[in-house]
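# need a structure here:
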Amino acid sequence: MLKEERHTYIIKQINLHNKVLSSDLSIELNVSEDTIRRDLNELAESGKVLKVYGGALSKSFHYPFQQNDIYARESKKEIARKVIGLIQPGMVLLAGGGTSLIELARLMPENLHCTVFTVSPLVALELTERSGVDVILIGGHLSKNSHINTGALTISILADIKVDLCILGTNGLSLEEGVTDSDWEVVQVKKAMIKASQKLAMVSIAEKLNSVQKMKVCGLNAIHYLVTDLDPADKMLQGYSKTLTVL
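Now for the predicted structure:
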């Protein structure tokens, strides 16, 4: 594979999953880790990714207020519009982090009155612009990779609340493995969020469907709504629609 092809592949994986590991890319691309490190250094120097120890991060994920740089932003806005249709006045919600949830916060109607708990400071800041939304930021250790609060304090707080609907993004979703992620701390927080909720809405752009990360969050049976940018009748969603509501 040519260097340009490797770079294209790496950028796509970073945009989809927010973070990549050099060790994983080495296996996927069948090249040495030294080659991957050089690729990541070049991409970082050109301003396309953020180089970190062991891998790289998405610039659009870490600088979400630069709205033009958000990957698949129109798709995420379509997802946000669908999720808003699930929210009834007076509901108590629990929101995760990520650019899809930030788009949801930006599109929340001004006159929609509800309470939103969130583990994401960035989502919380966007929601404070809506006068009808009562925002409660759940504390903890702020992850530099995921930009959500994690750790024992976060999980302890989540154990003491019960909400109507939890809205989560995903790094991997497949019929066989369910919801998966690549960060152990994030997985533990997501599990606690699901336990704290009566219903779960999982949001995902189409490109993340049928992909698998290393750590399992939950099976498809835990999901009540799958919200994507696709038409619910799309063939890509047929397998999912057999076990949950697809929007």
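# Skipping its backbone neighbours, what lies nearest the residue nearest in space to the middle of the chain in space?
By CA atoms, centre = their mean, the chain has its centre lying nearest to Gly169, at 3.3 Å. Among residues not flanking Gly169 along the chain, Gly98 sits closest, at 3.9 Å (CB to CB, 6 or more residues apart in numbering). C-beta coordinates here come from the backbone N, C-alpha and C atoms, glycine included.
# That neighbour contacts Asn18, doesn't it?
Yes: Gly98 is in contact with Asn18 according to CB atoms under 8 Å; the separation is 7.3 Å.
# by contact count, what packs against whichever helix in the chain runs longest?
When the chain is scanned for its longest helix (criterion: DSSP state H), the result is helix 3-17. Contact here means 3 or more CB pairs under 8 Å, 6 or more residues apart in numbering; DSSP states H and E; on that basis helix 3-17 packs against strand 19-21, helix 22-29, helix 33-45, strand 49-52, strand 55-58.
# OK, contacts around Ala56?
With contacts defined as CB atoms under 8 Å, 6 or more residues apart in numbering, the neighbours of Ala56 are 10, 14, 19-20, 40, 43-44, 49-50.
# So which of those residues is the closest to Glu78?
Nearest to Glu78, judged by CB to CB, of those is Ile14 at 22.0 Å.
# Not counting its neighbours along the chain, what's nearest that closest one?
Nearest to Ile14 is Ser58, by CB to CB, 6+ apart, at 4.8 Å.
# What distance do you get for the one you found to Met202?
20 Å (CB to CB, to the nearest Å).
# Looking at those two, which is more packed in?
Using other CB atoms under 10 Å, the more surrounded residue of Ser58 and Met202 is Met202, with 27 against 24.
# Which residue ranges make up the domains of this structure?
Following automatic domain parsing, the chain resolves into domains at 3-62, 72-246.
# In three-state terms, label Glu207 for me.
helix (DSSP: H, G, I helix; E, B strand; the rest coil).
# Name the nearest residue to it, sequence neighbours excluded.
Counting by CB to CB, 6+ apart, the residue nearest Glu207 is Leu16, at 5.7 Å.
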